[in-house]
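Participant: Prediction below, plus the sequence it came from.
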Amino acid sequence: MKFLESVLNTLMLSLVELFFLLGFLIGVGFLLGVLEKYSNKFLYKALGPRGVLATAWIGTPVHELGHLFQCFIWGHRVTKVKFLQLNNPNGVLGYVEHQYNPSSIYQQIGNFFIGMGPVFSGIGALMVGMYVLVPESFYSFNTYIGNHVSPGSIDLTVIVNATLAITESLFTLENLLNPLFWLFLVFAVSISSHISLSKADINGASRGLQMIFLVLFIINLIAGFLDIDTYRLIVKLTEYNTYVLAFSSIALLFSFITLVISLILYKMRSFW
């Protein structure tokens, strides 16, 4: 009975640790998926298939690059890549096919990060776009992160304040008069329109998530016998989540802007 209770406690501990490790990243991916779903829905109703395809030229390659880079990191063998296809009968705009060794725990864990790859590449591309096209806004936001975001200070105000900071740094009179800002806006909207995960991406990520949980559970079982407290170590490791929330604000902001633009276009089409 005591052994069963210990196993159940270890299961609960592993679930809590899994949430601390990856819960915020998964939450960001979910929010981006919801915003993109409705954005594309309104765009399709307003402009038809060409409304979604108009942003695919930039957004889809960035999405697929996220998968591709993670495949290299986690040792998966890439067998086929399509960065953009416009005439697929199933509506698939791009894909990365890859294979892995099922007996490799490392490669199985990699399925999670490969599935989540577009979130990383999307946020990274947005930051690079800011750096190149609107550098003053980039430095302003980067300064805000350095001065106001500290490891471990996790609460919802982090993402709210970071979103307000990036909005304030981007939408200035100087930027509104700068053609490069409008180029960045097109770039950012295109990426935000294709940053979320497909059903195949989610299925792949879930397989990796299961392996991560299993590894955590085994580690916690061994740690329990050795009287080692893994919870404090995991909490210390998850201080990076503060930066995940702060930097994801740029993707959430432009996903929201994309939703507003697509809604306006839809309403205008309905009015006409």
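Facilitator: That came through, no problem. Residues are numbered from 1 along each chain as shown.
Participant: check which helix or strand covers residue 118.
Facilitator: Element membership for residue 118, per DSSP states H and E: helix 117-133.
Participant: And the next helix or strand past that helix?
Facilitator: Next element after helix 117-133 (DSSP H and E): helix 135-148.
Participant: quick one, that following helix and helix 117-133 angle?
Facilitator: Orientation of helix 135-148 against helix 117-133 (axes from the mean of the first three to the mean of the last three Cα atoms, to 10 degrees) gives an angle of 120 degrees.
Participant: could you check the distance from the closest residue to residue 81 other than its chain neighbours over to residue 126?
Facilitator: Nearest residue to residue 81 in three dimensions, chain neighbours excluded: residue 96, at 5.2 Å (Cβ to Cβ, 6 or more residues apart in numbering). The C-beta positions use only the backbone N, C-alpha and C, and glycine is treated the same way. Shown here: residue 96 relative to residue 126, a distance of 20 Å by Cβ to Cβ, to the nearest Å.
Participant: repeat for residue 60
Facilitator: Residue 60 sits 15 Å away from residue 126 when distances are taken as Cβ to Cβ.
Participant: do the same with residue 64
Facilitator: Per Cβ to Cβ, residue 64 is found 16 Å from residue 126.
Participant: now swap in residue 34 and tell me
Facilitator: Residue 34 is 18 Å from residue 126, by Cβ to Cβ.
Participant: Settle it for me: which of the two has more neighbours?
Facilitator: residue 126 (24 against 13; other Cβ atoms under 10 Å).
Participant: Let me know the pLDDT of the more buried one.
Facilitator: At residue 126, the model reports a pLDDT of 91.
Participant: Also residue 131?
Facilitator: The model's pLDDT for residue 131 equals 92.
Participant: Once you drop chain neighbours, what's closest to it?
Facilitator: Nearest non-adjacent residue to residue 131 (Cβ to Cβ, 6+ apart): residue 138, at 4.6 Å.
Participant: if I pick the one you found, what's in contact with it?
Facilitator: Contacts for residue 138 were tallied using Cβ atoms under 8 Å, 6 or more residues apart in numbering; they are 127, 130, 131.
Participant: Report the separation between it and residue 124.
Facilitator: 13 Å.
Participant: and residue 213, how many neighbours?
Facilitator: Neighbour count of residue 213, defined by other Cβ under 10 Å: 17.
Participant: excluding its backbone neighbours, what's nearest it?
Facilitator: Nearest to residue 213 is residue 18, by Cβ to Cβ, 6+ apart, at 5.4 Å.
Participant: What is the distance between the helix or strand harbouring the one you found and the centre of its chain?
Facilitator: Assigned by DSSP H and E, residue 18 belongs to helix 2-18. Distance of helix 2-18 from the chain centroid (Cα atoms, centre = their mean, to the nearest Å) equals 29 Å.
Participant: And stretch 211-221, by the same measure?
Facilitator: Averaging C-alpha positions (Cα atoms, centre = their mean) puts stretch 211-221 24 Å from its chain's average.
Participant: Need the contact partners of it.
Facilitator: By Cβ under 8 Å, 6+ apart, stretch 211-221 touches 7, 10-11, 13-15, 17-18, 21-22, 105, 108-109, 111-112, 230.
Participant: How about the contacts made by residue 36?
Facilitator: By Cβ under 8 Å, 6+ apart, the residues touching residue 36 are 192, 193, 194, 195, 196, 255, 258.
Participant: brain fart, residue 188
Facilitator: By Cβ under 8 Å, 6+ apart, residue 188 lies in contact with 126, 129, 250, 254, 257.
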